[in-house]
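> Turn this into a model:
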Amino acid sequence: MKPHRLLVAASLSLATLSAPALAQETRPAVTTSSPDGSLVLTVSTDNESRATWSLSRKGKLLIAPSTLGFLLTDGLNMVRGFRIVGSETDSHDDTWEQPWGERRFVRDRYNEVTVKLQQSETQGSRLMNVHFRLFDNGIGFRYELPKQPALKTMRIADEVTEFDIVPKGTAWWIPGGEWNRYELVYQKTPIDAVSTAHTPITMRLDDGTHLSFHEAALVDYAGYRFKRVTGQQFRTTLAPSPDGPRVVRDLPFATPWRTIRIADNAAGLIENSLELNLNEPNKLGDVSWFKPARYIGIWWGMIRNDWSWAEGPRHGATTARAKKYIDYAAKHHFRGVLVEGWNKGWNGDWFGHGDEFSFTRPTPDFDLKAVTDYARKKGVHLIGHHETGGNIANYEAQMDDAFALYGKLGVDVVKTGYVADAGGIIAPGNRPGETLMEWHDGQRMVNHYLDVVKTAAKHHVAIDTHEPIKDTGLRRTYPNWVSREGARGMEYNAWGRFANGPDHEPTLVYTRMLSGPMDFTPGVLSLEGANHAPLASTLAKQLGVYLAIYSPIQMAADFVDQLEQYPREMDFISSVPTDWAESHLIAGEVGDYAIFARKDRNSRRWFVGGVNDATARTVTLKFDFLDPGKTYQVKIWKDGDGATYLTETRHRIAYETRTVRKGDTMDLWLAPGGGAAMRLVPQP
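Residues are numbered from 1 along each chain as shown. Have a look, this model is predicted:
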């Protein structure tokens, strides 16, 4: 498709209107609809001269009039005294290609309007534009603060962007601003029982409409949390700053986009590229040096406390162990081997301190050059590791040298870490010797995370961020930001019985995963954490996670000695791609289950599979996505009879081979805590 554009500018002159003419009944309003007409936006001002927006869908009010504006630390608030002084509309329709991702091509079709607002003289005469884009499946809007004589620098105490949700419904969410960042168990409550939530927050309205509230293109700004005011009225609240203002920006600038995905069903939330479309195109150019791939790693043993990150007799990252893992990777077609604890600084209390970490000096028992040379000969790449302990003052001082070293050695993916409590990031202050304590989602850290990505790109290194800022689609602009954590991953299963419950993964699919790829680290085929603590998973579910939780880098997390015990399961893991031409949710409901069909970008094979919660169920799968006229051989890994995550039967797995064609159906039984995986190969 080729883009087409239509520009219509309408300036609403209010200079000659008397005060009564600004009363509600004669006040001008701006309306715009989505391309298919299902969404209708109205922007106006209320009786107190506050700018408001509202949204209807299919003729029904979805978002009641909701306030727009800012609170400032050094001036009158930008909330009251507004009038609409003009608007500009536009439309757009094209398709762009992802260098890697859940799908190769993304359609970007919207109508948009920029509403121009000005405050009265008594409120400072300041200008504020609000830019709305309406897609058929959602909306994004942001503030654009133009250059103006009345305002040079904004010191934002908080942002007053409201969402007054009209229909009743259910929400899936995690609390915002708590000590454990985004690594919390999702709650399911009525919408009016939410407190303050991180985004994405997912809702299912009583009429079946599905919503997800989030943000896009979070750059040089604080991340926002979704705070309930009263009833179902919500407001943005920005992550704190130790300096007072939560955001400081010189004009002109634009805020991140505030987004709402809107769909008739769960699949409509999943097959939606709203946030990606609201980000700028690729700024890095050719990124073919990044290769989506599977990996293994020296990691699970430290998480379980079998090995240590610290130096000593239990040290995990030794040259000998790294070579053993490289040998296994080469044999089973894994491109990467992650090595944690290879560098100086892990001795002592590093959590929330991190001042002793070196990102260029290995421990005495780890020969970095010898290991990378050995890996290269085997066709394997080391995945590097930079744990900061939350000390970015120490990390930023070494970052250039660290990435230069990795670039020289051929380490082309790096996992970074920021292990510290929320609000516990150690950052350099504005004065010599000053230290400030920052939040992981504050403006300072938003900038830091992106600086790391940009620095890594100079050396052709991709970044997988742990303890990250939430994903807001910046992988489109910086395609070397390939994955991140940002939720409770597999590591929690090492620390207690059923630490991640059986509904955890089928909830992540419809919540956290709406923001972007997650390094969940699946593939614990032993189904055991420390002290034999069982996972809330069947063996088949461990395979299904590879289809349900997307990342262009996918780990098989278990010890290689354990992986060797499951050759039939490794047959699937060694073949499942990490880069897709198409992805479709073919069966699923929020928090209950999720079955995907994904087409390999580099072949004609399809892979089908997913995860279930604690309720046994039989789902009917339709193979409508297949090419017509083709027969496919299907190899199936599924829950065995009587399997359940609750007992030793969790390892029961059944294997089946059959053929299918487009239009066929299949009944698939999913065990409690179960799942399934399938590989579909077209026949000659």
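> Now residue 417. Nearest residue, chain neighbours left out?
Closest residue to residue 417 apart from its sequence neighbours, by CB to CB, 6 or more residues apart in numbering: residue 387 at 4.0 Å. Glycine gets a C-beta too; all of them are placed from N, C-alpha and C.
> ok, now residue 586?
Once flanking residues are discounted, residue 586 sits nearest to residue 597: 5.0 Å by CB to CB, 6+ apart.
> now swap in residue 670 and tell me
Spatial nearest neighbour of residue 670, excluding adjacent residues (CB to CB, 6+ apart): residue 612 at 3.8 Å.
> for residue 223, same thing?
By the measure of CB to CB, 6+ apart, the closest residue to residue 223 outside its immediate chain neighbours is residue 441, 3.6 Å from it.
> Could you say which helix or strand holds the one you found?
Per DSSP states H and E, residue 441 falls between elements, in no helix or strand.
> which residues sit in contact with it?
Residue 441 makes contact with 181, 222-223, 239, 469-470, according to CB atoms under 8 Å, 6 or more residues apart in numbering.
> residue contacts, the closest residue in space to residue 193 that isn't next to it in sequence?
Among residues not flanking residue 193 along the chain, residue 171 sits closest, at 7.7 Å (CB to CB, 6+ apart). Residues near residue 171 by CB under 8 Å, 6+ apart: 188-191, 193-194, 197, 201-203.
> how about a cut-off of 10 Å?
With contact taken as CB atoms under 10 Å, 6 or more residues apart in numbering, residue 171 is in contact with 165, 186-194, 197, 201-204, 211, 213, 226, 228, 232, 511.
> circling back to that earlier point, burial count for the residue nearest to residue 670?
Residues within reach of residue 612, counting by other CB atoms under 10 Å, total 34.
> Could you tell me the phi and psi values at it?
Here is the backbone geometry of residue 612 (degrees, to the nearest 10): phi -130, psi 160.
> Who are the contact partners of it?
Residue 612 neighbours (CB under 10 Å, 6+ apart): 502-503, 505-506, 537-538, 540-541, 544, 548, 588, 592-595, 619, 639, 645, 668-676.
> Let's see that with 8 Å instead.
By CB under 8 Å, 6+ apart, the neighbours of residue 612 are 502, 506, 541, 592-593, 670-675.
> Skipping adjacent residues, who's closest to residue 158 in space?
In space, residue 158 is closest to residue 71, 4.7 Å off (CB to CB, 6+ apart).
> Sticking with residue 371, tell me its helix or strand.
Taking DSSP H and E as the definition, residue 371 sits inside helix 368-377.
> Remind me what that helix packs against, helices and strands.
Using 3 or more CB pairs under 8 Å, 6 or more residues apart in numbering; DSSP states H and E, the elements in contact with helix 368-377 are helix 319-331, strand 381-387, helix 392-409.
> packing partners for the next helix or strand after the last one?
Spelled out, that is helix 392-409. For helix 392-409, the following helix or strand on the C-terminal side (DSSP H and E) is strand 413-417. For strand 413-417, the packing partners by 3+ CB pairs under 8 Å, 6+ apart come out as strand 381-387, strand 462-465.
> Give the pairing partners of strand 413-417; include direction for each.
Take DSSP bridges as the rule and strand 413-417 pairs in its sheet with strand 381-387 (parallel), strand 462-465 (parallel).
> Least confident secondary structure element in this structure?
Here the helix or strand of the chain ranked lowest by mean pLDDT, DSSP states H and E is strand 8-10, holding a mean of 32.
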